[in-house]
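Participant: Okay, predicted coordinates and the sequence, questions at the end:
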Amino acid sequence: MCEPTAETDFTDRIARRAPDFGLGPLTPERLAGLAGYLAELSRWRSATDLVGNLTEDALVDHALESAFGASLLPVDSRVLDIGSGAGFPGVPLAIFGRRVTLLEPRIRRAAFLRHVLRRLPGLNASVAAGRVERLPEGGYSAATARAVGKLARAVGEGNFLNENGLLLIWTGDPASLEAQLSPAFRPVRSVAIPQSRKRRIAVFEKCSTGNTGRSDG
């Protein structure tokens, strides 16, 4: 009897867990996309130290809590995933139909992300090797971040976002972020992530230039 492949195993785990995140039943395309992504992540993790010692069930939860954020982004958003790393939340967001640029400065992790996009053709996604501080102004209507160190310094005044662009942050401390990101961003709402006691998605909006309260003089 043949043993199940990693992809089949992830398919079963995702299908069982998705309803707990308000995402089920998933379409066959989304289910296959998430399973294929996590199977590649599991294969690559030892070589690139992408996700440490997370179990398969933990990887599934990370993917589903990432996909949960898709409902907070307009369908036509052009999304920048800051410090994409292993691909959370950017790859699941792309699987759920958002147009995503995966921004990752580390060479091996950027290589992994490119491999995933080759493995999952048809996603409206691309990889950019670089840092958010060096991006040109405008061009994105939304940005996402998860487990990004020194986020407030990296984001700055959000010049990479269009006027009134959205910033979604997966966090356990939304109140601290409000203080760090003010006055360049204003809080819009904070949404509890299913199956988590503390984690939330904090949604911010970029303030117009004239309303930041900052002075150049």
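Facilitator: Now that the structure is in, tell me what you want to look at.
Participant: and the residue nearest to residue 184 when sequence neighbours are not counted, helix, strand or coil?
Facilitator: Spatial nearest neighbour of residue 184, chain neighbours left out: residue 157 (4.2 Å); criterion: C-beta to C-beta, 6 or more residues apart in numbering. (Glycine included, C-beta is placed from N, CA and C.) For residue 157, the assignment made with DSSP: H, G, I helix; E, B strand; the rest coil gives coil.
Participant: May I have the phi/psi pair for residue 157?
Facilitator: Here is the backbone geometry of residue 157 (degrees, to the nearest 10): phi -100, psi 10.
Participant: again with residue 146
Facilitator: Here residue 146 shows phi and psi, under degrees, to the nearest 10, equal to phi -150, psi 120.
Participant: Ok, residue 141 next?
Facilitator: Residue 141 adopts backbone torsions of phi -90, psi -10, taken as degrees, to the nearest 10.
Participant: swap in residue 170?
Facilitator: phi -80, psi 120.
Participant: separation between the nearest residue to it once chain neighbours are set aside and residue 154?
Facilitator: The spatially closest residue to residue 170, leaving aside those adjacent along the chain, is residue 146, at 4.0 Å (C-beta to C-beta, 6+ apart). Using C-beta to C-beta, to the nearest Å, one gets 13 Å for the distance from residue 146 to residue 154.
Participant: Okay, strands next: where are they in the protein?
Facilitator: For the chain, the strands defined by DSSP state E occupy 78-82, 99-103, 125-128, 140-146, 161-171, 185-192, 200-206.
Participant: ok, now which ones touch residue 105?
Facilitator: By C-beta atoms under 8 Å, 6 or more residues apart in numbering, residue 105 lies in contact with 83, 129-131.
Participant: and what of residue 144?
Facilitator: 69, 79-82, 89-90, 93, 167-170.
Participant: Perfect, that will be all.
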